[in-house]
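**Student:** Sharing a sequence plus its predicted fold:
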Amino acid sequence: MNKMQAAKHEHWSSGFTFLLAAVGSAVGLGNIWRFPYVVAENGGGAFVLIYLAIVVVFGIPLLMSELMIGRKSQKPPLDAMRSFKVSKAQRLWDAVGWSYLLVPMGILTFYSVVAGWTLDYAIGMGIGTFNDLKEGESAQIFADLQASPAKLIFWMTLSVGITVGIVARGLKSGLEQTVKILMPALFAILVILVLYASITGDFVRSFSFMFTPDFSKITPELVLMAAGQAFFSLSLGSGAIMVYGSYLTKDISIPKMAVGVAFADTFVALLAGFAIFPIVFAFGVDHAAGPGLVFVTLPIVFNDMGGIGQVFGLLFFLLLAFAAVTSTISLLEPMVAQLSESGKIKRPRAAIYAGAAFWFVGIFVALSNNILAEVYPLGFIPLFAGMNIEGLINFLAANVFMVLNGMLVAIFVGWAVKRSVTLEEMGLGDSVIFKIWFALVRFVVPVGVSLIFLDVAFGIFQ
Ligand code: PHE
């Protein structure tokens with residue numbers, strides 16, 4: 001043992017605080033910024049239907065698997081993957097453990113840049129930057145932000161600082177305190193926005209847009225798109241759920257928590273659609289505007305609403321910023337827990353080191369929007385051609401390793417860990433539900449996810 005004592009492994013105060021934190025991790029830019037525009041780009045109802053099916057068949061079983069690894073081991077990801085003493089391929093499982101530490105750091109580099117935009121927009125809405133917009137001005141403001149290295153780095157740094165500050169304070173006084181305040185606030189704001197949008201906007205059209213599936217639109221690409229979105233949105237394959245699971249006490253039901261997280265995350269994504277589409281349809285602006293739906297289209301709509309629009313605009317971007325923070329803390333936590341529980345560095349210092357590391361990489365990611373936009377580090381390899389630094393990190397972290405991690409964890413839980421161990425952790429007895437879950441994790445998830453993986457990574461179905 002080193003001179004210093006390894007940090008003690010803490011626990012959530014209750015199952016409810018765990019839920020707040022895990023839902024906080026899952027609910028993020030993926031739900032409020034990305035989900036609505038991906039739905040719009042993929043024709044509405046058909047995408048939503050497939051998305052829901054994927055959450056049930058892949059999402060919930062994987063959430064249960066990751067929570068189980070965390071809870072059983074009571075350790076951060078790398079140590080967790082080592083603690084099961086499986087008979088074969090320990091090297092591979094170690095590598096997965098490493099990947100569960102590094103993937104969230106990779107995601108943080110670009111996630112923090114977009115989180116920075118939300119801070120810029122929240123403050124901009126507050127001080128009236130978006131009042132009296134002229135034709136084309138909204139797009140120009142967004143383009144100006146992208147073009148400014150100083151602004152992007154400033155906002156990204158602020159987002160990193162907030163994240164490090166919270167994680168440094170530890171589980172109870174950092175993460176728990178934050179989610180206890182931000183999650184109810186997030187939910188309240190969302191409900192206000194949805195009510196307002198459905199009363200004043202075109203609710204009926206939004207409802208049929210989101211829930212009337214046009215079956216002819218279901219293609220392999222759409223399925224894969226939905227799967228990628230579900231993975232990212234449920235925070236799978238990235239250490240967050242696993243490390244949060246490690247702070248669970250034994251009396252809490254893993255299946256119930258997994259269902260709770262999946263349900264809440266999906267509900268919020270749908271609500272985000274109902275906060276955005278009714279007003280977008282009512283004001284006749286393009287609903288399929290891609291990533292600009294939130295940052296370009298919505299400010300125009302808020303502006304058209306008159307005075308009250310500024311209030312709703314401010315609320316909307318605060319909502320996005322809150323959702324981002326409760327996700328970034330879960331992305332930094334795996335590495336910080338691993339460093340501080342190894343007994344060599346104390347938590348605040350671990351948070352600063354880890355934060356400094358991804359902040360540094362984040363600078364290059366931020367600059368990929370402007371001065372480094374056309375620098376392609378691995379451009380000589382055909383698979384990576386055309387990917388700048390941001391594109392490369394995003395692709396490797398979110399498209400390749402996150403999905404690969406999920407698949408390997410399903411194999412680990414389904415095939416390497418003893419069935420008796422999983423049986424006990426799930427607390428379902430040797431029931432039909434347990435057997436269905438086990439079959440999903442052993443066969444359906446690995447096969448299904450390998451297909452997704454091959455496609456997102458190598459585009460085999462495109
Ligand atoms: N689920 C978050 C979102 O939808 C992103 C995230 C991914 C958070 C992986 C933690 C881990 O925005």
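**Tutor:** Nice, I can see it.

**Student:** Just the element for residue 354, please.
**Tutor:** Under the criterion of DSSP states H and E, residue 354 resides in helix 347-367.

**Student:** got it, and residue 111?
**Tutor:** For residue 111, the enclosing helix or strand under DSSP H and E is helix 90-127.

**Student:** what about dumping the CA coordinates of the helix or strand following the helix holding residue 354 to CSV?
**Tutor:** Note on helix 347-367: by DSSP H and E, the next helix or strand toward the C-terminus is helix 389-394. Provided in CSV are the C-alpha atoms of helix 389-394 (Å, rounded to 0.1, in the frame of the first residue of the first chain):
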residue,chain,number,x,y,z
ILE,A,389,-9.5,16.2,-35.5
GLU,A,390,-13.0,16.6,-34.3
GLY,A,391,-14.4,14.2,-36.8
LEU,A,392,-11.8,11.6,-36.0
ILE,A,393,-12.3,11.7,-32.2
ASN,A,394,-16.0,11.8,-32.6
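
**Student:** Show me what helix 389-394 is packed against.
**Tutor:** Contacts defined by 3 or more CB pairs under 8 Å, 6 or more residues apart in numbering; DSSP states H and E place helix 389-394 against helix 90-127, helix 347-367. Where you see a C-beta, it was placed from the backbone N, CA and C, and this is true even at glycine.

**Student:** give the contact list for residue 303.
**Tutor:** When contacts are counted by CB atoms under 8 Å, 6 or more residues apart in numbering, residue 303 touches 130-133, 138, 309.

**Student:** Give me the pLDDT value at residue 200.
**Tutor:** pLDDT recorded at residue 200 is 88.

**Student:** okay, now it: neighbour count?
**Tutor:** Using other CB atoms under 10 Å, residue 200 has 14 other residues around it.

**Student:** Roughly how far does residue 379 sit from the ligand?
**Tutor:** Residue 379 sits 27 Å away from the ligand, going by CB to the nearest ligand atom, to the nearest Å.

**Student:** Quick check, that residue in contact with residue 385.
**Tutor:** Yes: under the criterion of CB atoms under 8 Å, residue 379 makes contact with residue 385 at 5.4 Å.

**Student:** Compare the two and say which is more crowded by neighbours.
**Tutor:** Using other CB under 10 Å as the criterion, residue 379 and residue 385 rank with residue 379 on top: 14 against 10.

**Student:** for that one, phi and psi?
**Tutor:** Main-chain torsions, residue 379, degrees, to the nearest 10: phi -60, psi -20.

**Student:** ok, now which ones touch it?
**Tutor:** Taking CB under 8 Å, 6+ apart, one finds 385-387 in contact with residue 379.

**Student:** Mind doing that once more with 10 Å?
**Tutor:** 385-388, 392 (CB atoms under 10 Å, 6 or more residues apart in numbering).

**Student:** Would you mind writing the PyMOL command to select the buried ones in those?
**Tutor:** Entered in PyMOL, the line below selects the buried ones among those, by 16 or more other CB atoms under 10 Å:
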select buried, resi 387+388+392
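
**Student:** Of the contacts of residue 379, just say which sits nearest to residue 346.
**Tutor:** When these are ranked by distance to residue 346 (CB to CB), residue 392 comes first, at 33.3 Å.

**Student:** Residue 384 reaches residue 394, doesn't it?
**Tutor:** No: assessed by CB atoms under 10 Å, residue 384 is found out of contact with residue 394, at 11.8 Å.

**Student:** which of these two has more neighbours?
**Tutor:** Set side by side, residue 384 and residue 394 show more neighbours around residue 394, with 19 against 15, by other CB under 10 Å.

**Student:** what about the nearest residue to that one once chain neighbours are set aside, how many neighbours?
**Tutor:** Ranked by CB to CB, 6 or more residues apart in numbering and with sequence neighbours excluded, the top spatial neighbour of residue 394 is residue 110, at 5.3 Å. Residue 110 is flanked by 23 other residues according to other CB under 10 Å.

**Student:** tell me which element the residue in the stretch 351-462 of the chain that the ligand sits nearest to is part of?
**Tutor:** For the stretch 351-462 of the chain, the residue closest to the ligand is residue 402, as judged by CB to the nearest ligand atom, at 7.1 Å. For residue 402, the host element (DSSP H and E) is helix 402-411.

**Student:** following that helix, which helix or strand comes up?
**Tutor:** Sequence order places helix 419-426 as the next helix or strand after helix 402-411, per DSSP H and E.
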